[in-house]
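J.: Need coordinates for the following:
(2 chains)
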There are 2 protein chains.
Amino acid sequence: MTAWTSSALHTDRYELTMLDAALRDGTAGRRCVFELFGRRLPGGRRFGVVAGTGRLLMLLRDFRFGHDELRYLRDERVVDAETIDFLEGYRFSGDITGYREGELYFPGSPILTVEGTFAEAVVLETLALSVLNHDSAVATAAARMSVAAGERPLAEMGSRRAGEASAIAAARAAYIAGFSATSNLEAGRRWGIPTMGTAAHAWTLLHDTEEAAFRAQVETLGVDTTLLVDTYDIREGVETAVRVAGTGLGGVRIDSGDLPIVAAEVRELLDELGAIDTKITVTSDLDEYAIAALAASPVDSYGVGTSVVTGSGTPTAGMVYKLVARQDDDGAWIGVEKASADKASRGGRKAAFRTLDEGTATSELIVVSDGFEQIDTPDRHPGARALQVPLVVNGETDASYEGPEGVEAARRHHARVREELPVRALALSRSDPAIPTVYVDADAV
Amino acid sequence: MTAWTSSALHTDRYELTMLDAALRDGTAGRRCVFELFGRRLPGGRRFGVVAGTGRLLMLLRDFRFGHDELRYLRDERVVDAETIDFLEGYRFSGDITGYREGELYFPGSPILTVEGTFAEAVVLETLALSVLNHDSAVATAAARMSVAAGERPLAEMGSRRAGEASAIAAARAAYIAGFSATSNLEAGRRWGIPTMGTAAHAWTLLHDTEEAAFRAQVETLGVDTTLLVDTYDIREGVETAVRVAGTGLGGVRIDSGDLPIVAAEVRELLDELGAIDTKITVTSDLDEYAIAALAASPVDSYGVGTSVVTGSGTPTAGMVYKLVARQDDDGAWIGVEKASADKASRGGRKAAFRTLDEGTATSELIVVSDGFEQIDTPDRHPGARALQVPLVVNGETDASYEGPEGVEAARRHHARVREELPVRALALSRSDPAIPTVYVDADAV
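T.: Residues are numbered from 1 along each chain as shown, chains lettered A, B, ... in the order given. Alright, predicted model coming up:
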């Protein structure tokens, strides 16, 4: 296949037309601060989960305009010759600070802060938003499912219900937010996520009898495998499964029916047959509400498809990328904000802290400054936790956030910070954010 | 970046464990027919639009297990050595027939029919579903927006609200379903889709005054450009725009506020200022309903973001990939179907026709056969249009469906077949499918 290995055209045209005009009128070199944040938590979520940061940093390395990209821009007359020259040498040389992957976020949280010249920072808008909006929407939904599932393991198996590349990213985001495995082999290869899966209904239908299918599966995968028992009659399926595999059968999977009722019946039947250690996994159209409704049922694990990869009703986190400060011709910093009806933004650079009371989060404290002094933990909030870390310094990426290691670190970080949430954050119903976002002026802290 | 150019691990693990077991028990070579279809049209859609076919055919070419893929499968012990050998030589050598890209579909429509050995067909499930579920969900939403917009052009600009690769596929699907342009440059390069875009709010905020921003934009992009007028006060923005560009200004863009009211005010002001040919484009959180509500407003074009790339409430088409027929040991074909509660399927191979009455669709006629004779247009429906075309024959793809040419052909095909829809199909409210799906036995036609 044609390998499009540059990420540089994952870009909306207007970013390059702005660049084109800025190179001409001399504003391209003004230093700017762009901020990536969500105005609200869509879907009545009580908290958000940041995901995608490690992927973005890797894509940023490949954000280079090569011969093919430049030819396209030239042929289509997207920009003029001077801009083509600029893009040929493009390499982001600024700074990016941001929330760690796996961190919780709330309305206004400065999830990424990108500082550089206008020219180098403006072109990252679409790529940064695409990655963080998608991955954070999935991670946020996955975290709710993880809360609902409690100690029972969750497997992500929704690849078929998401674009083929987003499916891999979704598996990664779900794992960061508490899932324990994925069905997607590419996610396993690329990100080191454990993979799972045994057989589909096609396996049973391929064979002359259900028994022949189960026998062949057990012979290859061992008695510890999970047999799918609902292709025909589920009671007969369970009986056949235990007859074939013995009472040491690893598990049965149920993919249809009224799950609380069916799971109870299957458990009873397995116990009757002596298969008391055989696990039950359920996989039929689950979301966080269905998982919560199964809390009292004899279910051992869940497989979740459509709902997790589509953000369970909220397929995008709705984050935006806005210019919040820039230098003027004299090098002085100016906070800038638009005044548009219903889409107003807040100018100035932000430093973010989570204030805690005996380990429980009480607010998202955002300190706003037009100037650019280093902002330490505010004196009046001695237990507050600083939320931003350097991700890119002078164009150099911190590699510890990339690859499978970055994924594991994000998963651990998420598990740790989720413990800080107040109990009310864990309810599934639509509500306001679990903690308020509090803005204070840098001079006032 | 590490270039993952094989699509072969866009696969759920269970497909390979089934393959592993099938190679061992001798069923791997049984010829099978898998069918890709939707059980229903989710979201109360009245029709669906097939998209992704051309992309899938291109990804199928790259569905090869290379050294890296095999090493991962070996290291993770996903399959045994015999299966590794089989995968090393894997190349799909069967047949795929299906609906043309851009075609309409209804519940049960056999959108793809994949025929080959169990071994070669079972492994395509996830990739085929990922591509078609995503792209068809977007195309279906886009077609509804296109209906609502009538003759006014629609631009897709939702890349930032979709995963970075899905964004490109979404731009492509929207274009097939009637959009006229995209903001996404990679979609322009890869698929030949016209791109559009001029400036964001950041452009105005970068400058000391709105006037300076507009002046620089007009100098670079010409008076025919579109100026974004709502960063501060929208009336002042319009006045400044016309003062800077003159009455020949190409357009103004409105990205906030109560659009029917604001658009009328802006039109009135532009006319007052003499800019009677200056166009108005609106871009704020539009979906098909908001577009319909603007039908009587003086709007010249629409830019649609989040709602189109996320399928406007239906981010996946919910299609499934099911074994519907297979050969037995004697080579006889057997229709197979599962009986699972609420997820029953219908066995047998399907031939599909759209019956028409004076050019208007009246039903989706699906002829079911266990045998495998060629099924011609049913005698009792002389005006019926056959819906399936050969896409892959003996492993060879029809290249006319690929690349930018395939996209243009799909867009033309969609425009043509949409004309067949009955008027009731064009309403936006939730309802049943616009035409019924009628199954008949092959012996009865």
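
J.: ok, A:Ala442 - how many residues close by?
T.: Neighbour count of A:Ala442, defined by other CB atoms under 10 Å in any protein chain shown: 18. For the C-beta atoms, the positions are set from N, CA and C on the backbone; glycine is no exception.

J.: Equivalent analysis for A:Arg30, please.
T.: 18.

J.: quick one, helices of the stretch 201-350 of chain A?
T.: A:201-206, A:210-221, A:234-245, A:259-272, A:288-293, A:306-309 (DSSP state H, counting those that start in this stretch).

J.: Quick one: these as TSV, columns for mean pLDDT too.
T.: Formatted as TSV, these follow (pLDDT from 0 to 100):
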stretch	mean pLDDT
helix A:201-206	97
helix A:210-221	97
helix A:234-245	98
helix A:259-272	98
helix A:288-293	98
helix A:306-309	98
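
J.: Distance to chain B and mean neighbour count for those helices - can I get that in JSON lines?
T.: Below are the helices of the stretch 201-350 of chain A laid out as JSON lines (distance: least, CB to the nearest CB, whole Å; neighbours: other CB atoms under 10 Å in any protein chain shown):
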{"stretch": "helix A:201-206", "distance to chain B": "4", "mean neighbour count": "26"}
{"stretch": "helix A:210-221", "distance to chain B": "4", "mean neighbour count": "21"}
{"stretch": "helix A:234-245", "distance to chain B": "8", "mean neighbour count": "20"}
{"stretch": "helix A:259-272", "distance to chain B": "8", "mean neighbour count": "18"}
{"stretch": "helix A:288-293", "distance to chain B": "14", "mean neighbour count": "18"}
{"stretch": "helix A:306-309", "distance to chain B": "6", "mean neighbour count": "28"}
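
J.: is it possible to export those to CSV including distance to B:Glu364?
T.: What follows is the helices of the stretch 201-350 of chain A, written out as CSV (distance: least, CB to CB, whole Å):
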stretch, distance to B:Glu364
helix A:201-206, 24
helix A:210-221, 32
helix A:234-245, 32
helix A:259-272, 32
helix A:288-293, 32
helix A:306-309, 24
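
J.: what about those, which gets the closest to B:Gly335?
T.: Closest of the helices of the stretch 201-350 of chain A to B:Gly335 is helix A:201-206, at 9.9 Å (criterion: CB to CB).

J.: I'd like to know which elements that closest one is packed against.
T.: Where contact means 3 or more CB pairs under 8 Å, 6 or more residues apart in numbering or on different chains; DSSP states H and E, helix A:201-206 is packed against helix A:210-221, strand A:226-228, helix B:13-25, strand B:31-38, helix B:118-122, strand B:319-327.

J.: where does the residue nearest in space to the middle of chain A fall, helix, sheet strand or coil?
T.: Central residue of chain A (CA atoms, centre = their mean): A:Asp135, 2.8 Å from the mean position. The assignment at A:Asp135 comes out as helix when based on DSSP: H, G, I helix; E, B strand; the rest coil.

J.: That one and A:Ala171 touch, don't they?
T.: No: here A:Asp135 lies out of contact with A:Ala171, judged by CB atoms under 8 Å, at a distance of 10.5 Å.

J.: The residue nearest to the centre of chain A: what's it in contact with?
T.: Listed by CB atoms under 8 Å, 6 or more residues apart in numbering or on different chains, the contact partners of A:Asp135 are A:51-52, A:55, A:169-170, A:172-173, B:163.

J.: hang on, the earlier thing: what's the closest of the helices and strands packed on helix A:201-206 to A:Phe63?
T.: In terms of CB to CB, the element of these nearest to A:Phe63 is helix B:13-25, at 32.3 Å.

J.: in that closest one, what's buried?
T.: B:13-25 (16 or more other CB atoms under 10 Å in any protein chain shown).

J.: what does stretch A:409-421 give?
T.: By neighbour count with 16+ other CB under 10 Å, stretch A:409-421 contains the buried residues A:409-411, A:413-414, A:417-418, A:420-421.
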